[in-house]
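Visitor: The following comprises the amino acid sequence and a computationally predicted model.
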Amino acid sequence: MAITEFVEGNGDNAPQRLARRIGWFVAIWTLSTVALFATASLIHIIIPK
């Protein structure tokens, strides 16, 4: 179940259940936050103060 299946078009194929929509939102938000902190950590390690 790829996210691209849900974001294409006008949303007709989007999940109808509110809990599933909230779950996707939380999953995407969590992954982007993890990616941000991972990138910041790498930059912090590579570039000394």
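Guide: Yes, it's here.

Visitor: Could you use CA atoms for every contact and neighbour count after this?
Guide: OK.

Visitor: Point out where this structure drops to low pLDDT.
Guide: Per-residue confidence for the chain (pLDDT under 70) gives these ranges: 1-15.

Visitor: how does it look with 90?
Guide: Low-confidence segments of the chain, defined by pLDDT under 90, span residues 1-22, 24-25, 48-49.

Visitor: where exactly do the strands run in it?
Guide: For the chain, none of the segments meets the definition of strands by DSSP state E.

Visitor: Please, where are all the helices along it?
Guide: Counting by DSSP state H, the chain has these helices, from start to end: 4-7, 18-46.

Visitor: any chance of the ones you listed in JSON lines, plus mean neighbour count?
Guide: As requested, the helices of the chain are exported to JSON lines (neighbours: other CA atoms under 10 Å):
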{"stretch": "helix 4-7", "mean neighbour count": "11"}
{"stretch": "helix 18-46", "mean neighbour count": "12"}
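
Visitor: Any figure for the gap between Leu18 and Trp24?
Guide: Applying CA to CA, to the nearest Å, one obtains 10 Å for the distance of Leu18 from Trp24.

Visitor: I meant Leu42, not that one.
Guide: Leu42 sits 27 Å away from Trp24 when distances are taken as CA to CA.

Visitor: Equivalent analysis for Arg17, please.
Guide: According to CA to CA, Arg17 and Trp24 sit 11 Å apart.

Visitor: Brilliant, that's me finished.
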